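Colleague: predicted model and sequence follow; I will ask about them next.
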Amino acid sequence: MAKVLAPVYSASLPADNVDIVELLGRAEVRPDGPRLSDFQHSSSLLNHQHTPASPASADVITAPGTEPVPNVPATTTDSTATCLMVVPAVGGAGASITAAASALVLSREKPICLVDADALAGGIDLVLGMETEPGLRWQDFSAADGRLDGAALYEALPSCPRSPALKVLTWTRSRTPETAYNHASAATKFDSADRPGRTDRPDDVRHIASTISCLIHAGITVIVDCPKQVEYVTTLGALADDTVIILPTSVRAIAAGGHLASVCAQAGFTPSLAVRHQQHRDISVEEVEYALDLPIAGEIEYCKKVAHEIDVGGLAGAVGKLTRGLEAMFALVGGGGDG
C-alpha cells in the first residue's frame with residue numbers, strides 16, 4: 001500500500017496530483033491533459049488595475065478552446081442571477097456533495113458556477129469527476145487588484161463534462177514548487193505597509209467574496225460550497241440570497257446547527273436547513289425543525305453508493321436520489337430541479 005500511495009507527482013495538470021487519483025480508483029484519467037503553462041497567459045490577464053481600460057486596450061481572458069473574451073466590467077446585472085450558499089453543520093455533513101449534485105441538476109436549466117470556497121477540502125472537482133478538465137483554478141488569478149469580468153471568468157473555468165453549462169471554480173492540489181501557492185510570499189505582500197488591506201492569497205475570504213460578486217454581477221447563478229468557519233460564513237453569507245445548512249440527523253449535528261444558525265442571525269440573515277438522513281438514525285425532520293425553529297429547504301436521502309461513485313469517477317447515478325427532496329432549495333435559486 002505504501003508504494004501505491006507514493007507516486008511521482010506530475011506537474012502536467014492544474015490539479016497535478018491526478019496520478020494518485022488514478023491509482024486510487026479513477027477509471028479514466030487523460031494522460032494528454034492540459035499543462036499548467038496553457039493557463040499562465042490567462043492567469044496574468046485576470047490581474048487588473050483599478051483604473052478602467054479603454055475599449056481599444058481592454059485585456060482579454062482566453063479559455064482554452066474558446067474565443068478571447070474582452071475583459072471589461074459588466075455594465076448590467078441579470079436580475080435573475082442568484083447566489084446560494086451551502087454550509088455544513090458538522091464535518092462530513094455532505095455539503096460539498098449536496099452543492100455539486102444540486103449544481104448538476106440546476107445547470108440543466110441555466111448557467112451555474114459552482115464555487116469551492118474551502119481551500120483545504122481537496123477540490124470539489126473530484127466530487128464531479130472533472131479534475132482533468134482544462135480551465136482556471138483559484139491559484140491562477142487574483143481579484144485583489146480590482147476589475148474582473150465575471151462573464152469572462154465563467155468562460156475560462158473548467159466545464160463539467162456531464163453538463164457544459166456547469167462551470168467549477170476550485171483549487172489545485174499541487175505538491176510541486178513551481179505550481180504550489182507561496183503562502184509566505186503572500187503574507188509578506190499582505191503585511192506590506194504601502195498596500196494596506198490588500199491580499200494576494202487566493203484563499204483569503206475577501207478575494208473569494210470579490211470573485212463571487214463579479215460572477216453575480218455578470219448574471220451567473222452561483223452556488224457556494226462554504227467551509228464552516230465564522231469569517232467565511234458571515235462574509236460570504238452577506239453576498240448570498242439564501243444560505244442552507246446541511247444538517248445530518250444526529251444530536252451533535254443539531255447542536256452544531258443551532259450554533260451556526262445563531263452566527264448567521266448575528267450577521268443579519270436567517271439560514272434554512274436541508275436535513276440529510278443517515279443510516280440507523282431515528283431523528284425525524286419534524287424533530288429537527290422543532291429543535292432549531294428554522295425553515296426546512298429539503299431532505300437528502302441516505303445513499304450508500306455515493307462515496308463509491310465519487311471514488312471511481314464522480315457523481316453519476318446517485319444525483320437523482322440525492323436531489324429529489326430538494327425542490328424547495330432549488331426554488332430559492334429559481335430552479336425547478338426536474339429530472
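Modeller: Alright, I've got the coordinates.
Colleague: in the stretch 101-250 of the chain, where is pLDDT below threshold?
Modeller: For the stretch 101-250 of the chain, applying pLDDT under 70 flags the ranges 142-147, 174-200.
Colleague: could I get the full set of helices for it?
Modeller: Secondary structure of the stretch 101-250 of the chain by DSSP state H, counting those that start in this stretch: the helices cover 125-128, 150-156, 183-190, 205-217, 230-239.
Colleague: mind jotting down where the strands sit in the stretch 101-250 of the chain?
Modeller: 112-116, 159-160, 163-169, 221-225, 242-248 (DSSP state E, counting those that start in this stretch).
Colleague: among the helices of the stretch 101-250 of the chain, show me which one is buried the most.
Modeller: Ranked by mean neighbour count under mean count of other Cβ atoms under 10 Å, these are led by helix 125-128, which reaches a mean of 26. (Each C-beta comes from the backbone N, C-alpha and C, glycine too.)
Colleague: so what secondary structure elements neighbour it?
Modeller: Applying 3 or more Cβ pairs under 8 Å, 6 or more residues apart in numbering; DSSP states H and E, one finds that helix 125-128 contacts helix 95-106, strand 163-169.
Colleague: okay, those, which one's buried deepest?
Modeller: Among the helices and strands packed on helix 125-128, helix 95-106 has the highest mean neighbour count (mean count of other Cβ under 10 Å), at a mean of 26.
Colleague: okay, the angle between it and strand 221-225?
Modeller: Interaxial angle, helix 95-106 versus strand 221-225 (axes from the mean of the first three to the mean of the last three Cα atoms, to 10 degrees): 160 degrees.
Colleague: show me what helix 95-106 is packed against.
Modeller: Counting contacts by 3+ Cβ pairs under 8 Å, 6+ apart, helix 95-106 is packed against strand 83-88, strand 112-116, helix 125-128, strand 163-169, strand 221-225, helix 318-323, helix 327-332.
Colleague: would JSON lines of those with distance to Glu286 be doable?
Modeller: JSON lines is the format used below for the helices and strands packed on helix 95-106 (distance: least, Cβ to Cβ, whole Å):
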{"stretch": "strand 83-88", "distance to Glu286": "22"}
{"stretch": "strand 112-116", "distance to Glu286": "31"}
{"stretch": "helix 125-128", "distance to Glu286": "30"}
{"stretch": "strand 163-169", "distance to Glu286": "34"}
{"stretch": "strand 221-225", "distance to Glu286": "27"}
{"stretch": "helix 318-323", "distance to Glu286": "21"}
{"stretch": "helix 327-332", "distance to Glu286": "15"}
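Colleague: and Asp293, which of those is closest to it?
Modeller: Asp293 sits nearest to helix 327-332 of all the helices and strands packed on helix 95-106, at 17.0 Å, using Cβ to Cβ.
Colleague: quick check: buried residues in that closest one?
Modeller: Neighbour-count burial for helix 327-332, with 16 or more other Cβ atoms under 10 Å as criterion, is recorded at Ala328, Met329, Phe330, Leu332.
Colleague: give me the neighbour count for the nearest residue to Ala151 once chain neighbours are set aside.
Modeller: Computed as Cβ to Cβ, 6 or more residues apart in numbering, the closest residue to Ala151 that is not its neighbour in sequence is Ala218, at 4.1 Å. By the other Cβ atoms under 10 Å criterion, the neighbourhood of Ala218 contains 23 residues.
Colleague: which other helices and strands does the helix ranked longest in the chain contact?
Modeller: The longest helix of the chain (DSSP state H) is helix 251-266. In terms of contacts (3+ Cβ pairs under 8 Å, 6+ apart), helix 251-266 is packed against helix 230-239, strand 242-248, helix 285-292.
Colleague: contacting residues around the next helix or strand after that helix?
Modeller: Counting by DSSP states H and E, the next helix or strand C-terminal to helix 251-266 is strand 272-276. Outside strand 272-276, the residues that touch it by Cβ atoms under 8 Å, 6 or more residues apart in numbering are 86, 93-94, 98, 242-249, 257, 285, 288-289, 292, 294-300, 302, 326, 328-329, 332.
Colleague: give me the angle between strand 272-276 and strand 242-248.
Modeller: Inter-element angle recorded for strand 272-276 and strand 242-248: 30 degrees (by the same axes, to 10 degrees).
Colleague: what about the closest residue to Cys226 other than its chain neighbours, how many neighbours?
Modeller: For Cys226, ignoring the flanking residues on the chain, the nearest one in space by Cβ to Cβ, 6+ apart is Val87 at 4.4 Å. The number of residues packed near Val87 is 30, by other Cβ under 10 Å.
Colleague: same question for His277.
Modeller: Counted by other Cβ under 10 Å, the residues lying close to His277 total 16.
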